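S.K.: sharing a sequence plus its predicted fold:
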Amino acid sequence: MTPSLTQAELSKIKKHSLFIENILNIIPDPIFVKDANHTLIYSNHAFAKILGMPQADFLGKSDYELFPKEMVDVSWEWDTKVLENNITTENEELIQLAGGEKRTILTKKSMSYDEDGKKVIVGVIRDITDLRRQEEEIEVSHKKIGEQELKMIQASKMSALGEMASGIAHEINNPLTIIQGRARQIGQMLKNVEMDKKAEVNNYLEQIQNTVDRIAKIVQGLKSFARESDHLPKEQVNLSKLIHETLDLCVTRFETFGISLRLNLDNEVFLSCRSVQISQVLLNLLNNSFDAIVEEKAAWISLRFNSDEENVFLYVTDSGPGIPRPIAEKIFQPFFTTKEIGKGTGLGMSISKGIIDAHEGEIYYDKTSANTQFVIRLPKNLRQ
C-alpha cells in the first residue's frame, strides 16, 4: 500500500510544479504537448500568444479544430513518425498568426511519456522569419558582390592592357616600319625593273607578308585577351604554340629592355583548356616578372614545361632572388599588390588562381627555387 503524502510533501511538489511552470512560461519559444490522439494537453504562454487565444480555448482540442486541414495533414505525418519510431523531427513551414501576419517557423518534435506512461508528443517552435530574411539578404548581397567581382576582373584586364600599351606600341610600330621601308624599296625598283631583280623583289614581298601576318597575330591576341572569356569552350591546344602566341604580345618589350628569354618547350604536348584564359595567366606572370627585374643587369625570364600521363607542369622563372615569405603568403589575395599606386590593381594573381582552379589545376609560388619561380599544373583533359 502506497503511503499517503504529508501536507508538507504535497506543498513541496506544488511549489516545484509551479517553479517548472514559470520556467516554461518565460521561455520565448512556443512549447506544446499533444497526446497520441493529437489532442493538445499542454502549452506555455508563448504558444497561446502565437495562436492568439487563451489556453482554455484550445487545450483539449485536436489540430483539426484549430488549424487548416492542409496544414494539419502534414503535421500529423510528422507526429506519426515521432510516435512510431521514437525519433526527433524538424520541419519548416509558413504559418499565419491570429493578426494575419505570416511567419516562418521551425518545429521540433520528440516523443515522451505522461504520468500514466502513455506516449505524448513534445513540440518546440522557433520563429526563423528574421533568420530566413537575413539569409535572403545575404544571398542578394553575394550576388551583387559576384557581379562586382566580374566587373573588377574585366577592369583588371583593361588595366593589364593599359600596362602593356608601350610594349604593344613597339610590337606594332616595328613591323610597320619594316613594311614601310620595304614598300618604298619595291616602289623604287619597279621604276626601272630588270629581270634579275625579280628574286630580290619576291624576297621583299615575302618579308612584307610575314610582317603583316605578325601584326595580325598581335591584334588577334589583343582581341582575344580583351573579350569576355568565361564561357569560351575548351579546346585541344598545343602548349608550345600557345606560349609563343602569348610571347608575341610582349617579346619586343623584353628585348628593348635587354631581358633575355630562355625557352625549353616541347612541341608535342597538348592539353584541353580555354586557351584565352591560360594566355591571360601567362601574360600576367610575364608582366610581373618584367616589372620585378627590369632594372637588373643580365635579367632573364625562363619558360619550360614537362608532363606525365595526366598533367602538364609549366614553370615560369625569372632572374629575381625570390619573394619574401610575408609577401608570398599574400600574393594570391585579391587587391594585394607591391606595385606603386596606378601600376597595379592587385587582382592579377587572384584572377590567375581562379582561372587555374576552374581548369582543375593549381598555381603556386615555388619557395624552394633559387630564383623567383611560379609553377602551374594543368590536367591534360579538362572535364568541365
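M.R.: Here it is on my side, so go on. Numbering: from 1, shown residues only.
S.K.: C-alpha only now, for contacts and for neighbours.
M.R.: Will do.
S.K.: I'd guess residue 34 is in a strand, am I close?
M.R.: Yes. Read with DSSP: H, G, I helix; E, B strand; the rest coil, residue 34 is one of the residues of a strand.
S.K.: leaving out sequence neighbours, find the closest residue to it.
M.R.: What sits nearest to residue 34 in space, not counting adjacent residues and going by Cα to Cα, 6 or more residues apart in numbering, is residue 40, at 4.4 Å.
S.K.: and that neighbour, how close does it get to residue 338?
M.R.: Residue 40 is 68 Å from residue 338, where distance means Cα to Cα, to the nearest Å.
S.K.: please say which of those two ends up with more neighbours.
M.R.: More crowded of residue 40 and residue 338, by other Cα atoms under 10 Å: residue 40, with 20 against 12.
S.K.: what's the distance between the more buried one and residue 376?
M.R.: Counting by Cα to Cα - residue 40 and residue 376 are separated by 66 Å.
S.K.: re earlier: wait, isn't the residue nearest to residue 34 in contact with residue 55?
M.R.: No. Residue 40 is beyond contact range of residue 55, at 9.9 Å (criterion: Cα atoms under 8 Å).
S.K.: the lengthiest strand in the chain pairs with which strands, parallel or anti?
M.R.: The single longest strand within the chain, with elements called by DSSP state E, is strand 102-113. Strand 102-113 pairs in its sheet with strand 89-96 (antiparallel), strand 119-127 (antiparallel), by DSSP bridges.
S.K.: out of the ones you listed, which one sits most buried?
M.R.: strand 119-127 (a mean of 20; mean count of other Cα atoms under 10 Å).
S.K.: quick check, distance from that one to the centre of its chain.
M.R.: With Cα atoms, centre = their mean, to the nearest Å as the basis, the distance from the averaged C-alpha position of strand 119-127 to the chain average is 40 Å.
S.K.: give the rounded mean pLDDT of it.
M.R.: Here strand 119-127 scores 91 as its mean pLDDT.
S.K.: again, but for stretch 281-299
M.R.: Mean predicted lDDT for stretch 281-299 stands at 90.
S.K.: export it as CSV, just CAs?
M.R.: Below are the C-alpha coordinates for stretch 281-299, written out as CSV (Å, rounded to 0.1, in the frame of the first residue of the first chain):
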residue,chain,number,x,y,z
VAL,A,281,47.6,33.8,-66.7
LEU,A,282,50.9,33.5,-68.6
LEU,A,283,50.8,37.2,-69.6
ASN,A,284,50.2,38.2,-66.1
LEU,A,285,53.1,36.2,-64.8
LEU,A,286,55.4,37.6,-67.6
ASN,A,287,54.3,41.2,-66.8
ASN,A,288,55.0,40.7,-63.1
SER,A,289,58.5,39.2,-63.9
PHE,A,290,59.2,42.2,-66.2
ASP,A,291,58.3,44.7,-63.5
ALA,A,292,60.4,42.9,-60.9
ILE,A,293,63.6,42.5,-62.9
VAL,A,294,63.6,45.3,-65.5
GLU,A,295,66.3,47.3,-63.5
GLU,A,296,68.6,44.3,-63.2
LYS,A,297,71.6,43.6,-65.3
ALA,A,298,71.6,40.4,-67.3
ALA,A,299,68.0,39.9,-66.5
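S.K.: buried stuff in it?
M.R.: 281-290, 292-294, 299 (16 or more other Cα atoms under 10 Å).
S.K.: is it possible to export the strands paired with strand 102-113 to TSV including distance to residue 23?
M.R.: Shown next, in TSV, are the strands paired with strand 102-113 (distance: least, Cα to Cα, whole Å):
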stretch	distance to residue 23
strand 89-96	23
strand 119-127	14
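S.K.: what's the closest of these to residue 179?
M.R.: Nearest to residue 179 among the strands paired with strand 102-113 is strand 89-96; the distance by Cα to Cα comes to 74.1 Å.
S.K.: now what about that closest one, what contacts it?
M.R.: Strand 89-96 has contacts (Cα atoms under 8 Å, 6 or more residues apart in numbering) with 78, 82, 102, 103, 104, 105, 106, 107, 108, 109, 110.
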